[in-house]
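# predicted structure and sequence below. I'll ask about it afterward.
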Amino acid sequence: MTRYEEAPYRPKPPRAGNRLFVGILLVAVIAMATLQVRGWWISQALAATAPRAVTPRGDLGAEEISTIRLFEETSPSVVFITTIALQRDFYSRNVYKLPAGTGSGFVWDKAGHVVTNFHVINGASEAQVTLWDGSVWDASLVGHEVDKDIAVLKIEAPVERLHPIKVGESANLQVGQKALAIGNPFGLEQTLTTGVISALNREIRSRNGRTIDGVIQTDASINPGNSGGPLLDSNGNLIGMNTAIYSPSGASAGIGFAVPVDTVNRIVPQLISHGKVIKPGLGIVMGDANYLRRRFGVEVDGVVVADIARGSGAEEAGILPARREGGLIAFDVIKTVDGKKVSDSGDLFRVLDSKSVGDVVEVEIARGRDEVTVDVRLTPLND
């Protein structure tokens, strides 16, 4: 019997069409998986960067609304002051205009008068005033009072662009009441800061070394560029002009100073009318108490009258100049003015600072061993 052996099984090679189908299927599976992964990644990324749900703000507080309205009403009265200096090129000898500094100020009246600090415009060749609407105007100097660091500029702007500030008073201010400052610190226009009145009746030095009395201290942030801007009360009334800061670093340290508005309101009209302040005086020439101490060993507590101006209130009142009596030099010494003790010239200036030409003051005089009281009509120091 013939035996047959089974031939070993050999699978048939796949056809070319099947291989193509399998490849397409594999690519499709990979593509779908890739799209799913990409879609998941995008959804996660979008979820991470999507804005959070917004919580409604709610109503503003009454104090916030009041502050917002105050700024909206008062900011058009505040101006940005840019000073310009002229500089000559060493080689070409051409003259160039260069920015010298910036500061703040406020519109005083519809005539275009602008009030600022004297030190803001001191040394400048020109000045420009930028109003609330961005318009820029060349300014001319009307007058200044170095002793109080006050200056008045004038611009020829249309009346409808000028918004005079509301003028308040400073005599009735109280420590703790709200204070707001608007200005241009570091050249950043229309900046509002808030605080309180920290102290009253401070003294600071003006540019010429004279004392400015009755100064307001505030913790409302005042920085370089705020100088000349307004300090306001909670009703938007001007109560002071921001003038100086106390700061070891040169930036705000929470101690700012403002010239009281009562001083500003007394001086600005004189600067507008006369270009200067007509200062009242007794009409005396003060003697040197230190010289008397060194030369004659005489201690004097008061203001020595060395001479009298002709036609002055002192002459009318019978105050006497230095004179010889029995071989000795005699002189009147002013002890008090209107009941305020006068120990030196600084005290006398402080008392007369709140007076005007034509006012009558009561003067107590030491004349030898006698005490004499006279009424003196104040006359202009400038005459």
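Cool, the structure landed. Numbering: from 1, shown residues only.
# for the residue nearest to residue 368 when sequence neighbours are not counted, give its distance to residue 372.
Leaving out its chain neighbours, the residue that sits closest to residue 368 by Cβ to Cβ, 6 or more residues apart in numbering is residue 330, at 6.4 Å. Heads up, the C-betas are built off the backbone N, CA and C, glycines and all. Using Cβ to Cβ, to the nearest Å, residue 330 is found at 13 Å from residue 372.
# between those two, who's got more neighbours?
Counted by other Cβ atoms under 10 Å, residue 330 and residue 372 do not tie: residue 372 has more neighbours, with 16 against 13.
# go ahead and confirm that one touches residue 336.
No. Counting by Cβ atoms under 8 Å, residue 372 does not reach residue 336; the two are 11.6 Å apart.
# pull up the overlap in contacts between those two.
residue 364 (Cβ atoms under 8 Å, 6 or more residues apart in numbering).
# which intervals of this protein have sub-threshold pLDDT?
For the chain, the stretches with pLDDT under 70 are 1-19, 21-22, 45-49, 87-100, 208, 246-253, 291-298, 327, 382-383.
# helices of the protein, residue ranges please.
For the chain, the helices defined by DSSP state H occupy 16-49, 62-74, 118-121, 261-274, 289-296, 313-317, 345-353.
# which one of those helices lies nearest to residue 160?
Comparing the helices of the chain by their distance to residue 160 (Cβ to Cβ), the top pick is helix 62-74, with 16.4 Å.
# next, the buried residues of the closest one.
Buried residues in helix 62-74, counted by 16 or more other Cβ atoms under 10 Å: 67, 70, 71, 74.
# which one of those residues is nearest residue 229?
For the buried residues of helix 62-74, the residue nearest residue 229 by Cβ to Cβ is residue 74; the value is 10.7 Å.
# you'd agree that closest one is up against residue 233?
No. The pair residue 74 / residue 233 is not scored as a contact, 10.8 Å apart, by Cβ under 8 Å.
# list the contacts of residue 344.
Here residue 344 is in contact with 289, 303 (Cβ under 8 Å, 6+ apart).
# ok, residue 195 next?
178, 179, 180, 181, 218, 219, 220, 221, 254.
# go on, residue 180?
Residues near residue 180 by Cβ under 8 Å, 6+ apart: 67, 70, 71, 192, 193, 194, 195, 220, 231, 232, 233, 234.
# let me see the backbone angles for the nearest residue to the second one once chain neighbours are set aside.
Counting by Cβ to Cβ, 6+ apart, residue 70 lies nearest to residue 236, which is 4.6 Å off, once chain neighbours are set aside. When read as degrees, to the nearest 10, the backbone of residue 236 gives phi 80, psi 10.
# got the contact list for residue 236?
Counting by Cβ under 8 Å, 6+ apart, residue 236 touches 70, 73, 74, 166.
# before we move on, back to that, out of the contacts of residue 180, list just those in strands.
Under the assignment DSSP state E, the contacts of residue 180 contribute 192, 193, 194, 195, 231, 232 to strands.
# got the domain boundaries for this structure?
Domain assignment for the chain by automatic domain parsing gives 72-161, 178-274, 280-380.
# of those domains, which is nearest residue 35?
domain 178-274 (52.1 Å).
# give me the number of residues near residue 254?
Applying other Cβ under 10 Å, we find 15 residues neighbouring residue 254.
# and if you look at residue 55?
6.
# please apply the same query to residue 123.
9.
# would you list the phi and psi of it?
According to degrees, to the nearest 10, residue 123 has phi 90, psi 0.
# check the gap between it and residue 207 for me.
Relative to residue 207, residue 123 is positioned 10 Å away (Cβ to Cβ).
# ok, now which ones touch the closest residue to residue 338 other than its chain neighbours?
Spatially, and ignoring its direct neighbours in sequence, residue 338 is nearest to residue 361 (5.0 Å; Cβ to Cβ, 6+ apart). Contact analysis of residue 361 by Cβ under 8 Å, 6+ apart lists 282, 337, 338, 351, 352, 355, 375, 376, 378.
# turn those into JSON lines, including neighbour count.
Listed next are these as JSON lines, based on neighbours: other Cβ atoms under 10 Å:
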{"residue": "282", "neighbour count": "26"}
{"residue": "337", "neighbour count": "21"}
{"residue": "338", "neighbour count": "15"}
{"residue": "351", "neighbour count": "17"}
{"residue": "352", "neighbour count": "20"}
{"residue": "355", "neighbour count": "16"}
{"residue": "375", "neighbour count": "11"}
{"residue": "376", "neighbour count": "25"}
{"residue": "378", "neighbour count": "21"}
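# okay, the domains of the chain, which one's buried deepest?
Highest mean neighbour count among the domains of the chain (mean count of other Cβ atoms under 10 Å): domain 178-274, with a mean of 20.
# which among the contacts of residue 236 gets closest to residue 242?
Nearest to residue 242 among the contacts of residue 236: residue 74, at 13.7 Å, using Cβ to Cβ.
# what sits against that closest one?
With Cβ under 8 Å, 6+ apart, residue 74 has these contacts: 165, 166, 182, 230, 232, 236.
# widest-spaced pair of those residues?
Comparing every pair within those by Cβ to Cβ identifies 166 and 182 as the most remote, at 12.6 Å.
# closest to residue 325 out of the ones in strands among the contacts of residue 180?
Nearest to residue 325 out of these is residue 231 (Cβ to Cβ; 53.4 Å).
# beta partners for the residue nearest to residue 368?
Beta bridges link residue 330 to residue 323, judged by DSSP bridges.
# and stretch 338-346, how far apart are its ends?
Taking Cα to Cα, to the nearest Å, stretch 338-346 runs 15 Å from one end to the other.
# that should have said stretch 161-177, apologies.
Using Cα to Cα, one end of stretch 161-177 lies 32 Å from the other.
# name the residues that touch that stretch?
74, 76-78, 106-110, 112, 131-133, 135, 196-200, 214, 216, 230, 232-240, 260-263, 265.
# quick one: distance of it to the chain centre.
Centroid displacement of stretch 161-177 relative to its chain, using Cα atoms, centre = their mean, to the nearest Å, is 14 Å.
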